[in-house]
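>>> What follows is a predicted protein model with its sequence.
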Amino acid sequence: MDVLLHICCAPCAIVPIDTLRAMGHRVIGFAYNPNVHPWTEYRKRLEWVERYCADQGVELHVRDEYDVGRWVRRAVLSNEPRCRECYIDRLYATAAMAAKLGAQAFSSTLFYSKYQDHALMSAIAQDAAQEQGSEFLYHNFSSGWSEGIKRSRELGIYRQQYCGCIFSEQDRYLRAKNKVK
């Protein structure tokens, strides 16, 4: 089955690509991450996704939209947690792209992270699949967390230190600042 895989970054793509292929699926990549901050980080992550997909022979579709302002407005004005806005944006875009490309299902490398809310992401992805007429394929890729880190280091892949948005970058600095005290 053709599975469109939303890819947030190259390190998070390693285990999901390998896992989906081992399950017998053909993986098609989809890079769409308009909330990553700053722009230089956005470009670096996209370049590494393009490089990794090329190395792995993964067809990649890129929705190259950097609109951090739109995302920040949505996150600030929403009564929901900011990550929910991120999940909605990316998973609905992935479901729409899966339908457009005729992929039988879609998933996301967000399900590789042990720090993401899998239950919330799954519910959003199911809603997106129903709305777009596509199928959501859930797999908890986080069991390969340590292996993915190890392999990304061995491959020399750029590894970012925060999820991507301006708020997660701030959280990283605050954690570091509190450790120094």
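Everything's here; your move.
>>> For the rest of this, base every contact and every neighbour count on C-alpha atoms.
Noted.
>>> Name the SS class of Val27, please.
What DSSP: H, G, I helix; E, B strand; the rest coil gives for Val27 is strand.
>>> pLDDT at Arg172, what is it?
Predicted confidence (pLDDT) for Arg172: 68.
>>> Also Ala95?
So Ala95 comes in at 98 (pLDDT).
>>> okay but Glu65 is in contact with Tyr32, surely?
Yes: assessed by Cα atoms under 8 Å, Glu65 is found in contact with Tyr32 at 7.3 Å.
>>> So if I had to pick from the two, which one is more boxed in?
Neighbour comparison, Glu65 and Tyr32: the larger count goes to Tyr32, with 23 against 12 (by other Cα atoms under 10 Å).
>>> Just to check, that one is in contact with Leu60?
No: shown here, Tyr32 and Leu60 do not form a contact pair, counting by Cα under 8 Å, at 10.7 Å.
>>> Helices of the chain, residue ranges please.
10-22, 39-56, 68-77, 82-101, 118-132, 145-155, 166-180 (DSSP state H).
>>> Dump those helices into JSON lines; add mean neighbour count as well.
Below are the helices of the chain laid out as JSON lines (neighbours: other Cα atoms under 10 Å):
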{"stretch": "helix 10-22", "mean neighbour count": "21"}
{"stretch": "helix 39-56", "mean neighbour count": "17"}
{"stretch": "helix 68-77", "mean neighbour count": "14"}
{"stretch": "helix 82-101", "mean neighbour count": "20"}
{"stretch": "helix 118-132", "mean neighbour count": "18"}
{"stretch": "helix 145-155", "mean neighbour count": "14"}
{"stretch": "helix 166-180", "mean neighbour count": "12"}
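>>> now those as JSON lines including distance to Ser108?
Output for the helices of the chain, formatted as JSON lines (distance: least, Cα to Cα, whole Å):
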{"stretch": "helix 10-22", "distance to Ser108": "8"}
{"stretch": "helix 39-56", "distance to Ser108": "13"}
{"stretch": "helix 68-77", "distance to Ser108": "19"}
{"stretch": "helix 82-101", "distance to Ser108": "8"}
{"stretch": "helix 118-132", "distance to Ser108": "9"}
{"stretch": "helix 145-155", "distance to Ser108": "15"}
{"stretch": "helix 166-180", "distance to Ser108": "19"}
